[in-house]
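Asks: Build the 3D model from these lines:
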Amino acid sequence: MAICKNCGQVNADDQAFCEVCGAVLDQNENLEQILNTYPDETINRQNSGEYNDYNDYKTVCLLAMILGIVSFFINPLYLVSIAAIVLGIIGHVKSFAYKNWAITGWICGGAGLIVQIFVDIFCTFGLGIFC
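Replies: Next up, the predicted model:
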């Protein structure tokens with residue numbers, strides 16, 4: 001693993017240039033010294049398998065899951081389902097540790113949205129139980 005001295009990007013060992021900024025990679029540089037030079041948030045560790053999960057994404061994933069489950073029961077103007085889907089997708093993409101919460105949120109939000117659409121269609125034609 002080669003870390004760029006210019007931007008902190010983690011690159012594959014066989015690369016001669018940084019894939020982000022194009023700087024020349026020094027393969028003989030001590031990896032531990034470079035890791036201690038850059039703060040954690042500047043080093044892109046996704047290529048090395050190390051992920052940084054910030055509390056913001058934990059909250060996003062938790063909100064997605066809660067809103068997704070609630071969307072089955074309360075769905076005023078589709079906002080709850082849409083919020084669950086959007087937050088779930090954001091959490092799914094950005095979070096590693098709380099990805100299951102995000103997936104639950106956007107799947108339940110999507111299912112709640114489909115249920116709400118069918119309820120509205122049935123109510124429009126006078127076939128709904130809750131109309």
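Asks: moving C-terminal of the helix or strand of the chain with the lowest mean pLDDT, what's the next helix or strand?
Replies: Among the secondary structure pieces of the chain, namely its helices and strands, helix 31-37 has the lowest mean (mean pLDDT, DSSP states H and E), a mean of 58. Helices and strands here follow DSSP states H and E; after helix 31-37, the next one along the chain is helix 55-70.
Asks: Packing partners of that following helix?
Replies: In terms of contacts (3 or more C-beta pairs under 8 Å, 6 or more residues apart in numbering; DSSP states H and E), helix 55-70 is packed against helix 79-94, helix 99-124. Using the backbone N, CA and C atoms, a C-beta is placed for each residue, glycine as well.
Asks: Now tabulate those helices in TSV and tack on mean pLDDT and mean neighbour count.
Replies: Written out in TSV, the entries for the helices and strands packed on helix 55-70 read as follows (pLDDT from 0 to 100; neighbours: other C-beta atoms under 10 Å):
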stretch	mean pLDDT	mean neighbour count
helix 79-94	90	21
helix 99-124	88	18
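Asks: May I see those organised as TSV, with distance to residue 9 added?
Replies: Output for the helices and strands packed on helix 55-70, formatted as TSV (distance: least, C-beta to C-beta, whole Å):
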stretch	distance to residue 9
helix 79-94	18
helix 99-124	23
